[in-house]
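Asks: quick one, structure for this:
(2 chains)
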Amino acid sequence: MIANNKNQTTSLSQAGVDGHLFMPTMARITSVQQMTALEKVFKLELPDGLSLGNRPGQFVEVSVLGVGEAPISISSSPSRSNGNFEVCVRKVGDVTSAMHTLEPGDTVGIRGPFGRGFPIEKFRGKDLLFAPGGLGLAPLRSLINQVLDDRALFNRVTILYGARSPSEMLFKDDLEEWSRRSDVDLFVTVDRGDETWKGNVGVITTLFRQVSLYPRNTVAAVCGPPVMYRFVLMELLGKGLSEGNIYLSLERHMKCGVGKCGHCQINNVYACQSGPVFPYSEIKGMEEAL
Amino acid sequence: MSLTILKKQDLSEFVRNLLPLYRVGGPVQTNGGYSFQVIEDPEDLKLEYTTTILPPKKFLMPPKETLFEFDDAHNGKIHVPEMDPPTVIFGVHTCDVHAIQLLDHVFSTTYEDPNYTNRRKQTIIISVECLTPCDENSFCKSMGTLSADEGFDLHLVDLGDAYAVDAGTEAGQGLLQYAKTKPALPEDLQSLNNVLSEKWPHFPYRLDFDVSDLPSLLSMSMKNPLWEELGERCLACAACTNVCPTCFCFNVKDEIDLNLTSGERVRMWDSCQLDDFATVAGGHNFRKSRALRQRHRFMRKGKYILGAHNFLGCVGCGRCARACLVDITPVGVFNELYRRREV
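Replies: Numbering: from 1, shown residues only, chains lettered A, B, ... in the order given. This is a model prediction of the structure:
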């Protein structure tokens, strides 16, 4: 267990505040950016110079006192933390709807960071393939920017992003930056185009036809809606990637984040502790995982 | 620590001496049965009871408890609630002792959950030896919970007109200063041995196989059609998990006061049998059917929890079998899986 003595550590403790496991630390909203009709990005600052100390792929429990708490993935890269971190929040339930009414200066409770993130140290020297679908870009953005900030450590970087429509595309500034870089191959598709859209139309799997991979040296990181995984897995396995080199971030409703409440359980595994990121080799054949 | 003898006529005085110092809980007679309650009158305590609808878990993990309180939702002023008083629970059957040992493990490993462990640290458990089966639904002998070597502070065995009292911990030994006990004589020990050896034949084995085979039986039963049949019958009412001594899943909610400023965050028992338990924000439900939820329940009891915590998740108390309106029982399910196993 991590000590919660602020003199000894500058990172937020996963064990809560002063030994109270479920006690959040209040963080200040420093900016709010409306990203789409449904999604806003909140930049948050922890008190007393605490840092989040997260790794890409982890999540936090975000509280709006009086409304409740919800697990939200961290969308900013630890390499760009600067004392802040970002969460991209889709307005879909009580807590997230309440968050959407908040403004800079307001506070939210934070617990975490929780879970096993992406094992970025195993990605060194590899060709990296990122396949975010929809809101799955939020956690993968954290990983992608971490990789790009240490670009020399990795080989090819390919990003395949699928969104429902042009107006639902997230993190357009990042997408533009990635598209400009000569050391990143970015492919974007939308399920349904509109009059302004000149790019690919079709689900994310249609992008796989446009990329050629060296399967033995490629690691893939996938995050998207539950329905996406089966089809993306077929493409990746079909291209010859090994099961241990495909990392999937699974969505579950982690109510406690600390392996107790049972909501995120997949067989004998608590996704909040052993996941949400799993190599496919660990969950292959596991009932109810995908 | 040695064996002592407490005369039955001195039990009430023991309880009376504890009342000013502890919250005392134990089985009392209620309409048509027994129930664990806070004892106010020592005469209400009934140690020779069959079973209860809810296990003594409710003293350690109440159906609903406050995690923290906030004075002002907007400025985030949070404080922790007062702790429950030190508690002595009388009359815990050994199946429930085993269940509490599992809960202790769950709430103290990886992350210690102080809402449970603080309460647990100041709880003294006085168990009683079961001498006859509660009813036809209990299957403690098959689950290996008909006795307990540890997990209690004091353990009582009914010798007729007195209890043999075994102290399992220093805390239990210390509590005996409030009881009028005397050292056990050789004839008391003989009487204890007789009672303990005579009780075993009264308890039937109800599983058709050895419980050590249960995890592997379940492993090979993931795709057994029985789950679909149970799903057809199950009402998804969650009675089974609500009465279970080893179920610990919970929901977390905020309750705000009428002033819309102060309030509290509470946790309450939840159930994997309810429709939306495994539903995520986007609406996808990972265990949509009652069949999948029943399978999850039994897999968890006989296999998943064993993998995660090294304790079986079922102690054979039979409460879920009594509570089920459509007669889905662990004995029935496990034996049917055994009958249909593919060899």
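Asks: need the contact list for residue B:57.
Replies: By Cβ atoms under 8 Å, 6 or more residues apart in numbering or on different chains, residue B:57 lies in contact with B:96, B:99-100, B:103, B:245. Where you see a C-beta, it was placed from the backbone N, CA and C, and this is true even at glycine.
Asks: next one: residue A:258
Replies: With contacts taken as Cβ under 8 Å, 6+ apart, residue A:258 has the following neighbours: A:14, A:21, A:114, A:272-273, B:110-111, B:113.
Asks: ok, now residue B:220?
Replies: The neighbours of residue B:220, taking Cβ under 8 Å, 6+ apart as the test, are B:341-342.
Asks: mind checking how far it is from chain A?
Replies: 13 Å (Cβ to the nearest Cβ, to the nearest Å).
Asks: now that residue: how far from residue B:196?
Replies: Distance, residue B:220 to residue B:196, by Cβ to Cβ, to the nearest Å: 37 Å.
Asks: contacts for stretch B:248-256 next, please.
Replies: Stretch B:248-256 has contacts (Cβ under 8 Å, 6+ apart) with A:22, A:65-69, A:255-256, A:260-263, B:61, B:67, B:73, B:103, B:106-107, B:241, B:262-272, B:277.
Asks: could you chop the chain up by domain?
Replies: Let's take chain A. Chain A breaks down by automatic domain parsing into domains covering A:25-114, A:120-249.
Asks: oops, I was thinking of chain B
Replies: Recorded structural domains for chain B (assignment: automatic domain parsing) are B:4-62+B:77-202, B:211-339.
Asks: and stretch A:273-290, which residues are buried?
Replies: Applying a neighbour-count criterion of 16 or more other Cβ atoms under 10 Å in any protein chain shown, the buried positions in stretch A:273-290 are A:273-280, A:282-283, A:288-290.
Asks: quote the end-to-end distance of it.
Replies: Start-to-end span of stretch A:273-290 (Cα to Cα, to the nearest Å) is 17 Å.
Asks: give me the contact list for it.
Replies: Contact with stretch A:273-290 is made by A:57, A:59, A:73, A:114-119, A:226, A:229-230, A:233, A:242-252, A:254, A:258-259, A:264, A:266-267, A:269, B:110, B:222, B:286-287, B:292, B:296, as judged by Cβ under 8 Å, 6+ apart.
Asks: follow-up on the earlier one: what subset of the contacts of stretch B:248-256 is buried?
Replies: Buried among those (16+ other Cβ under 10 Å): A:22, A:65-69, A:255-256, A:260-263, B:61, B:67, B:73, B:103, B:106-107, B:241, B:262-267, B:269-272, B:277.
Asks: so which of these are in strands?
Replies: Residues of these located in strands (DSSP state E): A:68-69, B:67, B:263-267, B:269.
Asks: switch the residues you listed over to CSV; also include pLDDT and distance to residue A:28.
Replies: Supplementary listing: those in CSV, determined by pLDDT from 0 to 100; distance: Cβ to Cβ, whole Å:
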residue, pLDDT, distance to residue A:28
A:68, 95, 20
A:69, 96, 18
B:67, 94, 23
B:263, 95, 21
B:264, 95, 23
B:265, 96, 20
B:266, 96, 26
B:267, 96, 27
B:269, 97, 35
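Asks: of these, closest to residue A:161?
Replies: Proximity to residue A:161 was ranked across those by Cβ to Cβ; first place goes to residue A:69, at 29.3 Å.
Asks: quick check: the closest one vs residue B:111, distance?
Replies: For residue A:69, the distance to residue B:111 equals 16 Å [Cβ to Cβ].
Asks: same check, this time on residue A:65
Replies: Applying Cβ to Cβ to residue A:65 and residue B:111 gives a distance of 22 Å.
Asks: who are the packing partners of the lowest-mean-pLDDT helix or strand in chain B?
Replies: In chain B, the helix or strand scored least confidently by mean pLDDT, DSSP states H and E is strand B:77-79, which has a mean of 86. Contact analysis of strand B:77-79 by 3 or more Cβ pairs under 8 Å, 6 or more residues apart in numbering or on different chains; DSSP states H and E lists strand B:64-72 as its packing neighbours.
Asks: coming back round to it: taking the contacts of stretch A:273-290 one by one, which sit in helices?
Replies: Assigned to helices by DSSP state H, the following of the contacts of stretch A:273-290 qualify: A:229-230, A:233, B:292, B:296.
Asks: residue nearest the centroid of chain A?
Replies: For chain A, the residue sitting closest to the mean C-alpha position, by Cα atoms, centre = their mean, is residue A:139 at 1.2 Å.
Asks: who's in contact with residue B:232?
Replies: Counting by Cβ under 8 Å, 6+ apart, residue B:232 touches B:290-291.
Asks: any chance you could read off phi and psi for it?
Replies: The phi/psi pair for residue B:232 (degrees, to the nearest 10) reads phi -60, psi -40.
Asks: give me the pLDDT value at it.
Replies: Looking at residue B:232, its pLDDT reads 96.
Asks: any weak-confidence spans in chain B?
Replies: Counting by pLDDT under 70, chain B contains low-confidence residues at B:1, B:343.
Asks: what about the residue of it found nearest chain A, distance to residue B:111?
Replies: As assessed by Cβ to the nearest Cβ, chain A sits closest to residue B:249 within chain B, at 3.2 Å. Look at residue B:249 and residue B:111: by Cβ to Cβ, they are 16 Å apart.
Asks: now do residue B:19
Replies: 35 Å.
Asks: could the contacts of residue A:258 be laid out in a markdown table, adding distance to residue A:165?
Replies: Converted to a markdown table, these look like this (distance: Cβ to Cβ, whole Å):
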| residue | distance to residue A:165 |
| --- | --- |
| A:14 | 37 |
| A:21 | 41 |
| A:114 | 32 |
| A:272 | 32 |
| A:273 | 36 |
| B:110 | 42 |
| B:111 | 41 |
| B:113 | 44 |
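Asks: between those, which sits nearest residue B:258?
Replies: Distance to residue B:258 across those (Cβ to Cβ) is lowest for residue A:21, with 28.7 Å.
Asks: pretty sure the closest one is touching residue B:111, no?
Replies: Yes - if you go by Cβ atoms under 8 Å, residue A:21 and residue B:111 touch, sitting 5.8 Å apart.
Asks: so what's the residue positioned nearest the centre of chain B up against?
Replies: For chain B, the residue sitting closest to the mean C-alpha position, by Cα atoms, centre = their mean, is residue B:245 at 2.9 Å. Residues in contact with residue B:245, defined by Cβ under 8 Å, 6+ apart, are B:55-57, B:95-96, B:99-100, B:315, B:317, B:319.
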